[in-house]
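> from the sequence below, what's the structure:
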Amino acid sequence: MHDEHRNDGENRFGRISELRLKATARDGVTAVPELYASMPFKVMHTFDVCERDLPGYERLAGQDDGRSKLAAPKQLMVMSVSAGIMAGDRQELTVDVEPGAALSVTTQAFEKIHRMEDGEHAERATRIHVGAHAYLDYRPLPQIPFAASSFSTDTVIELTDDSSHVAYEEILSCGRVARGERFAYRDYRSHVRVTCSGTPVFIDNTIYRPTSTDMEGLGFFGAYSHLANLVLVNLDIDGARFATIRDYLQSQTSEIGANAAAPASDAPGKDDIAGGITRLATGDCLIKLLGHRAQRLQDVLNKVRDLV
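Numbering: from 1, shown residues only. Next comes the predicted model:
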């Protein structure tokens, strides 16, 4: 992932920053017996999490198909003692959810990607494995790329088979809008690859370079400032449930995509959103939304989670 020919600056922590964790099922309850975090990462003990807050969990956990049932879920909150992503930062995150375990992973705060000098860069690699009859809800809080920042993230999620369940959420801001920083970052690159039994389910390769791309043009953000993705894999979303989610999103997006090409100066109300739900080739689902506030997108996605 790292370009050896680029001057990324020095990693403040003297080495790659790592977070490694393994969740397992013990006596019907999820535990995290293996956890390693180096600076700037810090992880508190696991929390109980409401089963209703995990999309599809209650339905999946109640299935009696002769296979292992999901353990009671736990949540981990990843924190950072740093002010955010800085020039030269290199991070590696590894999450392993073993058979029967059910884990929710979130972060403490919005992630700030700070200003960098020309030629400087930061990067993160995330590797996630979800075992058979296991469940993962991965929902870090939104990212805010500051002016002149350069960041790349590479996420690979491997599901053992169709009994491995995943909800993966991400929200990206255009920058510090209140400070007049709208698409002022140098570049933002994100590669997400989800596979099940080795077969690709979802691949998203995004490269945003505002200096060479009209980020407010048609096919990009338009009048909006925030982008959200929610990928739902092996959550048994049947036709009726899909229609319910679609109808809800349509009720929130009076004209889906109609405002996306409008200039920022003509932006609609702050709570207006655009987007919808689609079936992937595997039958799994992707929700993609544009909006003006991260909180608004989070609220809509939380409702979608309730409907899954």
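> where along the stretch 101-250 of the chain do the strands fall?
Taking DSSP state E, counting those that start in this stretch as the criterion, the stretch 101-250 of the chain carries its strands at 102-107, 111-113, 122-130, 135-138, 143-145, 150-159, 165-173, 187-196, 199-208, 226-233.
> CSV for the ones you listed, including mean pLDDT?
Putting the strands of the stretch 101-250 of the chain into CSV (pLDDT from 0 to 100) gives the following:
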stretch, mean pLDDT
strand 102-107, 98
strand 111-113, 98
strand 122-130, 98
strand 135-138, 98
strand 143-145, 98
strand 150-159, 98
strand 165-173, 98
strand 187-196, 98
strand 199-208, 97
strand 226-233, 98
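> quick one: average confidence on stretch 26-41?
The average pLDDT for stretch 26-41 rounds to 96.
> next, the buried residues of that stretch.
Thr30, Ala31, Val32, Ala37, Ser38, Pro40, Phe41 (16 or more other CB atoms under 10 Å). For glycine as for every other residue, the C-beta is placed from the backbone atoms N, C-alpha and C.
> same deal with stretch 136-150?
Neighbour-count burial for stretch 136-150 [16+ other CB under 10 Å]: 136-150.
> ok, now stretch 194-212?
When neighbours are counted by 16+ other CB under 10 Å, the buried residues of stretch 194-212 are found to be Val194, Cys196, Val201, Phe202, Tyr208, Pro210.
> any residues touching that stretch, and which ones?
The contact list for stretch 194-212 (CB atoms under 8 Å, 6 or more residues apart in numbering) reads 156-162, 164, 166, 168, 183-193, 215, 229, 231, 233-234, 280, 282, 284, 286.
> let's see that with 6 Å instead.
Residues outside stretch 194-212 that contact it (CB atoms under 6 Å, 6 or more residues apart in numbering): 157-159, 161, 183, 187-193, 231, 233, 280, 282, 284.
> what subset of those is buried?
157-159, 183, 187-192, 231, 233, 284.
> and the furthest pair within the buried residues of stretch 194-212?
Farthest pair in the buried residues of stretch 194-212 (CB to CB) is Cys196 and Pro210. Separation: 34.3 Å.
> check the secondary structure at Ala83 for me.
Assigned with DSSP: H, G, I helix; E, B strand; the rest coil, Ala83 falls in the coil class.
> ok, so what distance separates it from Glu120?
Using CB to CB, to the nearest Å, one gets 16 Å for the distance from Ala83 to Glu120.
> which of the two has more neighbours?
Taking other CB atoms under 10 Å, Ala83 and Glu120 do not tie; Glu120 has more neighbours (20 against 9).
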